[in-house]
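>>> The sequence isn't on hand, but the structure is:
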């Protein structure tokens, strides 16, 4: 039996001496120590041995197997060291050689967001921010969207194990603002939001919104329409055709959808506007009395309007981008254009 093991050891060393690649080393390992390898064949001989002979032979086999395993590990280290040395020789870089530094640039979404903040600041709005990991109360309940309300279906988001969620809109910042401030209130809340929805040319699961809120005495729909017209025209630097359509949002009454003429196809119809010629840009309306009450504001004395739209869609119209997925694709050819 010792002779069988010595013969096995001699064949192993002979084959090991000629190996210089990792794949060949793996083949050697499988050939000797795999399920159908040399050691498995040796162990089959043990069934006909006496107890003492079986014990001694098993010890010899295990000792040889451990020896082979150590040799394979050492050989793998040698091969890896040789590969590193080869790469070091052929792929070296002179770190003292001066290199022209890469010039970064602002992301198109950052550009549009900064322009929006400048615009709203010039119109007398404050800028407010809030957490992206939000409480259910601020994201839904305080906005007149209780747990059983169907509006939650269209704002399905990502829930976390701690009971919180990734905000589906920046409206929670409006709730926090109304709780922290006393009327008159006038601010916008740009930021990142999340929705659990399918991704296509005009929809993403992670996107940015800019929502605004005005609360004061005597605020009417006329103030809302005038403000939105001024904002849209200022963004594009020219008069832009808009339209308001009645719509339902639990936190405003009455509520509207604001659309503007698609600037990609000029109203003819394309994939971005879903062949309608119009871009659904934002939802808006007069703040619901119940929302005011939730924030400790008397709806008999104060009224206000709110609005919110996507920054990505605005950037798409501004720069003629036909697919929202480009913003997060990481393609430098796309980003360098800005």
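Nice, thanks for sending it over. The structure presented is a predicted model; accordingly, all values stated were derived computationally and were not measured.
>>> now the worst-scoring helix or strand of the chain on mean pLDDT: how far from the chain's centre is it?
One helix or strand of the chain scores below all others by mean pLDDT, DSSP states H and E: helix 38-44, with a mean of 75. Computed by Cα atoms, centre = their mean, to the nearest Å, the chain-centroid distance of helix 38-44 equals 53 Å.
>>> try stretch 51-60
A distance of 60 Å separates the centroid of the chain from that of stretch 51-60, by Cα atoms, centre = their mean.
>>> residues in contact with the residue nearest the centre of the chain?
Taking Cα atoms, centre = their mean as the criterion, residue 206 is the residue nearest the geometric centre of the chain, at 6.0 Å. Contact partners of residue 206, counting by Cβ atoms under 8 Å, 6 or more residues apart in numbering, are 192, 193, 194, 328. Using the backbone N, CA and C atoms, a C-beta is placed for each residue, glycine as well.
>>> how does it look with 7 Å?
192, 194 (Cβ atoms under 7 Å, 6 or more residues apart in numbering).
>>> What score does it have for pLDDT?
You'll see residue 206 listed with a pLDDT of 89.
>>> For it, give its distance to residue 139.
Separation of residue 206 from residue 139 (Cβ to Cβ, to the nearest Å) stands at 16 Å.
>>> do the same with residue 279
Distance from residue 279 to residue 139, by Cβ to Cβ: 26 Å.
>>> buried sites along the least confident helix or strand of the chain?
38, 39, 42 (16 or more other Cβ atoms under 10 Å).
>>> swap in stretch 215-227?
Buried residues in stretch 215-227, defined by neighbour count with 16+ other Cβ under 10 Å: 215, 219, 223, 224, 225, 227.
>>> Could you tell me which of those belong to helices?
Those of those mapping onto helices are 223, 224, 225, 227, per DSSP state H.
>>> Go through those and name the one nearest residue 21.
residue 227 (70.7 Å; Cβ to Cβ).
>>> Could you report the pLDDT at that closest one?
91.
>>> ok, now residue 304?
pLDDT, read off for residue 304, is 96.
>>> With the one 4 residues further on instead?
The pLDDT attached to residue 308 in the predicted structure is 91.
>>> Give me the contact list for stretch 283-297.
By Cβ under 7 Å, 6+ apart, stretch 283-297 touches 142-144, 175, 178-179, 183, 215, 221, 224, 228, 247, 249, 251-258, 299, 302-308.
>>> Report the buried residues of stretch 240-260.
Residues 240, 242, 244, 249-252, 255-260 are the ones in stretch 240-260 that count as buried (16+ other Cβ under 10 Å).
>>> Quickly list the domain ranges of this structure.
With automatic domain parsing as the criterion, the domains of the chain are listed as 2-90, 108-335.
>>> Tabulate the buried residues of stretch 240-260 (TSV), appending distance to residue 170, secondary structure and pLDDT.
Listed next are the buried residues of stretch 240-260 as TSV, based on distance: Cβ to Cβ, whole Å; DSSP: H, G, I helix; E, B strand; the rest coil; pLDDT from 0 to 100:
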residue	distance to residue 170	secondary structure	pLDDT
240	23	coil	81
242	21	strand	86
244	21	strand	91
249	14	coil	89
250	16	coil	88
251	12	coil	92
252	15	strand	93
255	17	strand	94
256	18	strand	95
257	18	strand	92
258	17	strand	91
259	20	strand	89
260	20	strand	84
